[in-house]
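what follows is a predicted structure for the sequence shown.
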Amino acid sequence: MVNGFDFRGAMATVVRIQYPESLNDPKIYEWIYAGTIDEPSFAEGTFSCKLQTVFPQVQCPNRGYQLACNSEFGDAECGYRPATVSAVVTGVNGNILYVNMNFNSNYWKNGVITIAGESRIIETNAGNSL
């Protein structure tokens, strides 16, 4: 217990901000980790704790984890209006697609690309490659 409040079991979310830009635009952040608080302590003005993951502890190569949301992405409850772009695929090399447009590095990272009804998460992008 810290100052009479028991933090154990409370949800904690860790986000990475882009300083100082995130101070002016609160939408500039990246979800890093979510879990429940365990073993909280407060000493010399510092609160510390261990976080127990909410993700299953499994070994799964070549897979990424994301936090889920109850809303349908982009609907009225979500409130976020995703950017959309239509581009022409000009080439393919394995899992890399080349399009007829250039984008800033990682502009579409963790975005979704849909071609002929098939959708995939974009792991990274640079210039005209996704």
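Good, I have the coordinates. Numbers count the residues shown, from 1 in each chain.

now the residue sitting nearest the centre point of the chain: how far from Leu51?
The centroid of the chain falls nearest to Trp31 when counting by C-alpha atoms, centre = their mean (4.4 Å). Distance of Trp31 to Leu51, given as C-beta to C-beta, to the nearest Å: 14 Å. In this view, the C-beta of every residue, glycine as well, is placed from N, C-alpha and C.

and the helix or strand where Gly127 lies, what does it pack against?
In this assignment (DSSP states H and E), Gly127 forms part of strand 127-129. With contacts defined as 3 or more C-beta pairs under 8 Å, 6 or more residues apart in numbering; DSSP states H and E, strand 127-129 has these neighbours: strand 96-103.

next structured bit after the strand it packs on?
strand 112-115.

ok now the helix or strand just after that next one, how far from the chain's centre?
For strand 112-115, the following helix or strand on the C-terminal side (DSSP H and E) is strand 118-121. Distance of strand 118-121 from its chain centroid, counting by C-alpha atoms, centre = their mean, to the nearest Å, is 16 Å.

ditto for stretch 8-15
Distance, centroid of stretch 8-15 to centroid of chain: 16 Å (C-alpha atoms, centre = their mean).

buried residues of that stretch, list them for me.
Ala12 (16 or more other C-beta atoms under 10 Å).

need the contact partners of the strand holding Gly127.
Contact partners of strand 127-129, identified using C-beta atoms under 8 Å, 6 or more residues apart in numbering, comprise 90, 96-103, 105.

need the CA coordinates for the longest strand along the chain. CSV is fine.
Secondary structure of the chain per DSSP state E: the longest strand is strand 29-43. Only the C-alpha atoms of strand 29-43 are listed here, as CSV (Å, rounded to 0.1, in the frame of the first residue of the first chain):
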residue,chain,number,x,y,z
TYR,A,29,2.6,8.5,-28.9
GLU,A,30,3.1,4.8,-29.3
TRP,A,31,1.6,2.0,-27.0
ILE,A,32,4.4,0.0,-25.5
TYR,A,33,3.0,-2.2,-22.8
ALA,A,34,-0.1,-2.8,-20.7
GLY,A,35,-0.4,-4.8,-17.5
THR,A,36,-1.5,-4.9,-13.9
ILE,A,37,0.5,-3.4,-11.1
ASP,A,38,2.2,-5.7,-8.6
GLU,A,39,4.6,-5.0,-5.7
PRO,A,40,4.1,-1.2,-5.6
SER,A,41,6.5,0.9,-3.5
PHE,A,42,7.2,4.5,-2.8
ALA,A,43,10.7,5.6,-1.6
